[in-house]
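S.K.: Here is the input, now give the coordinates:
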Amino acid sequence: MNLTECPSLLQSGYRTYSPKALKQLFDGAKVSHTLPFLHQDIRRSIFQSTGPSTPRLSISGVQEKYGLVRHERSLLLPTSNERTQYILKPIPSDLDNATAVPANEHLTMQIAGQVYGIVTAANGLVFFDDNEPALLVRRFDVKPDGSKRRQEDFASLSGRTKQSAGPDFKYEGSYEQIARLIHQYLPAARVEIEKFFRLVLFNYLFSNGDAHLKNFSILETTDGDFLLSPAYDLINTSLHVHDSDMALKDGLFADDYATPGSEVYGYYIFDDFLEFGLRIGMMEKRIRQQMAPFQQDQPRVHTLIGRSFLSEADKVTYLASYESRLKRLTYSFQNRL
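M.R.: Alright, predicted model coming up:
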């Protein structure tokens, strides 16, 4: 397959992974962007099951995931006793515009990290032997010695399971309730709340309607305490499903709270995120500072979309989605900008 951009960092002028990408993904080893097998080969064997899908149509509910290991310069399927180091996410089935899913998630993850400074799981596109794309994500819960870091998602932290909250348990609650759990469980809550605020804002700006409870988690550090994990499963779901603006059923706020602006417009605007920041314990000055990059049209977003592996039609749709949400974040019902 002839490439002109790095299939990880989308840097121009590379026919495979750039040196920086190789360092992030493979500790500098020169691993090929092509896998020595086909998608259909791994469909015959189950290495990592995501479990049955929920009745609600979502990206994660239909996404296949498999584990891979790296042996020197090759990515291979694991044997039964090997701990996987990577997650492979091929084109899913039973989803509109499914062939665009790997490129969509890859682009969205790269925008989050490169433009907005959100710490994300190292990722890149790989290609099966017949050039079918898949997303490769380096696991951040595996230590260099192969042991596993403790990780808990916010469905678990909130006590929500299929048995206790029904089949849509991971979509229950609000982002304000997640923030309360951050204050409860994380020693460095002030710093982590700001990271969480930016991630919620990013998901809204880039139309990720599948940012549910299991897509936020905390991760054990080398000191034995916990911080928010790197971001993962970031994708513009509007290219594939007609879903709500927010994955969680109660949206931003707990206790059925709503701002006058959202009641008038029918969607979240600047006022909502200002109020959200205040309600989760941030100072107004810090909220405005954190929001500023998300209210400005970022040239780098356009560049990365243009270099992405999306089709030309999907690039147009992706950019239009971004520009529409960007306008929303400049509206203020109470003129508080």
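S.K.: going forward, measure contacts between C-alpha atoms and count neighbours the same way
M.R.: Noted.
S.K.: element containing Val200?
M.R.: Val200 is located in helix 189-205, with elements delineated by DSSP states H and E.
S.K.: buried sites along that helix?
M.R.: Of all the residues in helix 189-205, those buried under the rule 16 or more other C-alpha atoms under 10 Å are 189, 192-205.
S.K.: ditto for stretch 94-102
M.R.: 95, 98-102.
S.K.: list the contacts for the residue nearest the centre of the chain?
M.R.: Central residue of the chain (C-alpha atoms, centre = their mean): Leu234, 2.0 Å from the mean position. Residues near Leu234 by C-alpha atoms under 8 Å, 6 or more residues apart in numbering: 105, 108-109, 203, 208, 211.
S.K.: repeat that with 7 Å
M.R.: 105, 108-109, 208 (C-alpha atoms under 7 Å, 6 or more residues apart in numbering).
S.K.: Gly261 too?
M.R.: Contacts of Gly261 (C-alpha under 7 Å, 6+ apart): 271, 333.
S.K.: Offset the numbering so it begins at 14, please.
M.R.: Yes, from this point I'll number from 14; that puts the last item at Gly274.
S.K.: so it is in which element?
M.R.: For Gly274, the enclosing helix or strand under DSSP H and E is helix 273-278.
S.K.: avg pLDDT for that helix?
M.R.: Taken as a whole, helix 273-278 carries a mean pLDDT of 92.
S.K.: Give me the distance between Lys340 and Leu287.
M.R.: Taking C-alpha to C-alpha, to the nearest Å as the measure, Lys340 falls 16 Å from Leu287.
S.K.: Show me where the protein dips below the pLDDT cut-off.
M.R.: Applying pLDDT under 70 to the chain flags the ranges 57-75, 349-350.
S.K.: Domain boundaries for it, per the record?
M.R.: As assigned by automatic domain parsing, the chain contains the domains 32-151, 164-341.
S.K.: got CSV for those, with distance to Leu16 too?
M.R.: What follows is these, written out as CSV (distance: least, C-alpha to C-alpha, whole Å):
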stretch, distance to Leu16
domain 32-151, 10
domain 164-341, 10
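S.K.: quick one on the thing from earlier: can you tell me which two in the contacts of Leu247 are farthest apart?
M.R.: The two members of these with the most space between them (C-alpha to C-alpha) are Met122 and Asn221, at 11.2 Å.
S.K.: buried stuff in the host helix or strand of Leu38?
M.R.: Taking DSSP H and E as the criterion, Leu38 maps to helix 32-39. Neighbour counts over helix 32-39 (16+ other C-alpha under 10 Å) mark 34-35, 37-39 as buried.
S.K.: For that helix, give me every contacting residue.
M.R.: 21-22, 41-43, 135-136, 151.
S.K.: Mind checking which of the residues you listed are in strands?
M.R.: 136, 151 (DSSP state E).
S.K.: buried subset of the contacts of helix 32-39?
M.R.: Counted by 16+ other C-alpha under 10 Å, the contacts of helix 32-39 give 21-22, 42-43, 135-136, 151 as buried.
S.K.: could you dump these to JSON lines with distance to Gly279?
M.R.: Formatted as JSON lines, those follow (distance: C-alpha to C-alpha, whole Å):
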{"residue": "Ser21", "distance to Gly279": "37"}
{"residue": "Leu22", "distance to Gly279": "36"}
{"residue": "Ala42", "distance to Gly279": "50"}
{"residue": "Lys43", "distance to Gly279": "50"}
{"residue": "Ala135", "distance to Gly279": "36"}
{"residue": "Asn136", "distance to Gly279": "35"}
{"residue": "Arg151", "distance to Gly279": "38"}
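S.K.: The stretch 64-213 of the chain: helices as residue ranges?
M.R.: 72-75, 114-127, 167-170, 175-178, 188-198, 202-218 (DSSP state H, counting those that start in this stretch).
S.K.: Okay, angle between the fifth one and helix 202-218 too, please.
M.R.: In this structure, helix 188-198 runs at an angle of 160 degrees to helix 202-218, with axes from the mean of the first three to the mean of the last three C-alpha atoms, to 10 degrees as the basis.
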